[in-house]
Structures are given as structure tokens and as C-alpha cells.
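> okay, predicted coordinates and the sequence, questions at the end:
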Amino acid sequence: MRILVTGGAGFIGSNFVRHILTAYPDDGVVVLDKLTYAGNVANLPPIAATPHLSFIQGDICDAEVVEHALTGCDAIVHFAAETHVDRSLLNAQDFIATNVQGTYTLLEAARKKDIQHFLYISTDEVYGNACSPEGVSRPSLETDTLRPLSPYAASKAGADMLAFSYWASYGLPVTITRCSNNYGPYQYPEKQLPLFIMNALEGRPLPIYGDGQHSRDWIHVCDHVEALAFILHQPAIRVAGEIFNIGAQEERSTLQNALTVLKILEKSDEQISFVQDRLGHVRRHAVDTTRIRLQLGWQSHISFTEGIRQTINWYQENTAWIESIKEKRNDFLNTALNLGVQRQ
Ligand SMILES: NC(=O)c1ccc[n+]([C@@H]2O[C@H](COP(=O)([O-])OP(=O)(O)OC[C@H]3O[C@@H](n4cnc5c(N)ncnc54)[C@H](O)[C@@H]3O)[C@@H](O)[C@H]2O)c1
């Protein structure tokens, strides 16, 4: 199978590419990535030296670029997106362009090119707070109404529904996945766990929104990409028009995560710093994964205890990767990392 992977130079996309190249050696991968602040070719194996991997720098909103990239491909795995909730609260423009218009451009091209499988990587953020229709807190089901609470989540929900409509209207073999929060190697350090790890290692405060009790279900990125590759390699007839939650049943609060990182690194809890809560902050994200377990027989296998130690080791060992990101002097990242504010 030849797969177009959009956003393949980002965190989850690059882990997915690596997984495909090792677990499915007969497959070919074409990465299409704009290389925004979050994209980094250093996340991928060396392109020139990796058979079965090619790279195109380009924007998914550009129909010509997309059609060219799709030539000879059988499937699309669509990760490319603006992904940070906090950035979407400051300015949602790029989120609407890439996440909604970009997905539309890809769906149209897929329709023209008769693509055999379109895997849309949605998110559990589309559900808003995990609860029953009566408002009782419980993990979200694929059938729940979407109630996104941030511009990021709303743009993903729009694209999620658009993708579904291309299956319903045109029979395009679309599958949608809604995964919970990922962590692991190559995650851009504006996101919670790498930010906590870097600040803990470098002696800066770990910022905790509000009371720190907001909880998420944390899945290791290797589990997530394994599930995606597994779905992609099912006969399309089995998964087309389906929506699957993906999660690890590892619900943890922000405060718990910060304390865990500090404990593993043998740092003081005094590095915890409570800050003003995020606007529209979802109290609980959690997904019910019964459908993927019963219908496809897939479940996660990396525990948080094991995954977080492995992730911390990765950030400790890959200092050149971290330094190359810091060198780009991204203003938002510098503020998030509180660079320059050293604690004793
Ligand atoms: N990180 C999570 O916890 C999580 C959980 C569930 C779902 N998701 C979804 O998974 C996908 C990947 O997330 P991530 O955390 O790896 O994101 P990321 O921010 O690390 O990477 C996004 C990638 O998309 C590329 N990109 C952005 N705009 C583009 C455009 N217009 N054209 C081409 N490429 C563009 C960037 O350069 C980058 O390489 C997203 O769709 C996200 O919504 C993420």
C-alpha cells in the first residue's frame, strides 16, 4: 500500500511513519507537510537514506500540491492540523484554514483520485466534557453529541463531520478516529508532558492551570499509531463509515502528572506553580473504547507508569533535538516554557 501521510513531520505523524516503515515494510509512505513551527524533518528517519519514504513540503490547503502528492497513493492518513488549544484561544485563523479548509481540499482530491481508504485523525476534544446526555460524568461514546469547547476542538469537529459526510454522500471510504491525549518521543514541548519534563529538568516552574484537577486519558503515542496502522490495514469495507475512539484508560489530572514527573526526576514539589485557568477548560476528557476492542479486537498495552519513564528518558537523551527547537526562538514556546525564569 502507498500511503499519503499529511502532517507526517509532526509528533504523532512522524511516530506513525516510523511504525509503518518497520511494521509494514512493503508499504510506501509519502509525507506531505507544510513544516509549520510544529513540523520538523528531524522527527523523521533520514529521508534520502530511507527506501519507501519520500517527503513533499507543501500546504494541504493547496489543491494542486495535494493532487500531485496523491499521485500513485492508495490511502490517506490525515494528521496535518494546527493542534494547540492555547494557540487557538489567541488566534483561530490558521485552525480554520488548515483544519477545516485543508481537510476539505484533501477530501475533494481523494474523491477525484478514487482513494481506497481515508483515515481522518480526529480527537476526543470534539466531545467537550465527557458526560452522558443528562450531564452525568462518564467516558465519551462515539455516538455522543459533539460539544467542542475551544476553537481548536470546534475546527476538528467541523472537519470530523465533513469527513463523515464524504462517506455518507459520495461513498468515499472514510474512517474517523478520536484519540485521547498522547505523550511520547518527538512531542513539541509546548504540550503538557514535554513542557513539564523540560521545566523540571531545567529548574523552572511547572505551570498548573486552575486547581490542577482537570483530567485526561493519557495514551502513549506508540499505542495510538499502532491502532491507526491496524485500522488502515483492515479491509476498507470493514471500517469505512466507522468512528473509533482510541484511549488507554489512564485518566490522570494535570497535578498528578506534574508530581509524577518531579518524583521520577527526584525534583522538589516546590517547582509546581498554579496559574490562571485556561478559557473554556474541559474538566474531563475520557473515551469509552468498547467499540474498537469488540469490533476490531484492538487495545492499548503501554501503561502510563512504563510510558512516562520511557518518555522522560527520551527527553533526557535527545538534547540536540531539544536544543534545535529552542534555537528557533518561537515566542509562544518561550513563554510557555517560562524561559529565563530560573528557580534555585
Ligand atoms: N497530540 C494529541 O494528543 C492528539 C490527540 C488526538 C488527536 N490528535 C490529532 O492528531 C493529529 C496530529 O497531532 P500532533 O500532536 O502530532 O500535531 P503536531 O502539531 O505535532 O503536528 C502537526 C503537523 O501538521 C503540519 N501542518 C500544519 N499545518 C499544515 C498545513 N496547512 N499543511 C500541511 N501540513 C501542516 C505541521 O507542520 C506538523 O508537522 C492532529 O490532527 C491532532 O488533532 C492529537
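Nice, thanks for sending it over.

> the lengthiest helix in the chain - contacts with which helices or strands?
For the chain, the helix that runs over the most residues, judged by DSSP state H, is helix 151-170. In this structure, helix 151-170 packs against helix 85-90, helix 93-95, helix 103-112, strand 117-123, strand 174-179, with contacts taken as 3 or more CB pairs under 8 Å, 6 or more residues apart in numbering; DSSP states H and E. Any C-beta I mention is one placed from the backbone N, CA and C, and that applies to glycine too.

> walk me through which strands the fourth one pairs with, and which way each runs.
The one in question is strand 117-123. In the sheet containing strand 117-123, its partner strands are strand 75-78 (parallel), strand 174-179 (parallel), by DSSP bridges.

> can you read off the pLDDT for residue 342?
Listed pLDDT for residue 342 reads 40.

> now residue 339
Residue 339 is given a pLDDT of 73.

> all further residue positions should be reported with the first residue as 540.
OK, 540 is where the count begins now, so the last one is residue 878.

> state the distance from it to the ligand.
According to CB to the nearest ligand atom, to the nearest Å, residue 878 stands 20 Å off from the ligand.

> pretty sure residue 549 contacts residue 623?
No - with contact defined as CB atoms under 8 Å, residue 549 does not count as touching residue 623 (11.2 Å).

> more neighbours: the two, which one.
Using other CB atoms under 10 Å as the criterion, residue 549 and residue 623 rank with residue 549 on top: 27 against 20.

> what sits against the residue nearest to residue 817 when sequence neighbours are not counted?
In space, and not counting its chain neighbours, residue 817 is closest to residue 748: 5.0 Å by CB to CB, 6 or more residues apart in numbering. If you count contacts by CB atoms under 8 Å, 6 or more residues apart in numbering, residue 748 has them with 793, 814-817, 820.

> what segments of this structure are strands?
Here the chain has its strands, by DSSP state E, at 541-545, 567-572, 592-596, 614-617, 656-662, 713-718, 720-722, 745-748, 754-759, 782-785, 790-792, 811-814.

> among these, which is nearest residue 679?
strand 782-785 (6.9 Å; CB to CB).

> what residues does stretch 730-743 touch?
Applying CB under 8 Å, 6+ apart, the external contacts of stretch 730-743 come out as 550, 623, 720, 722, 726-728, 744-746, 757, 793, 796-797, 800-801, 804, 806, 810, 847, 850-851, 854-855, 861, 875-878, 880-883.
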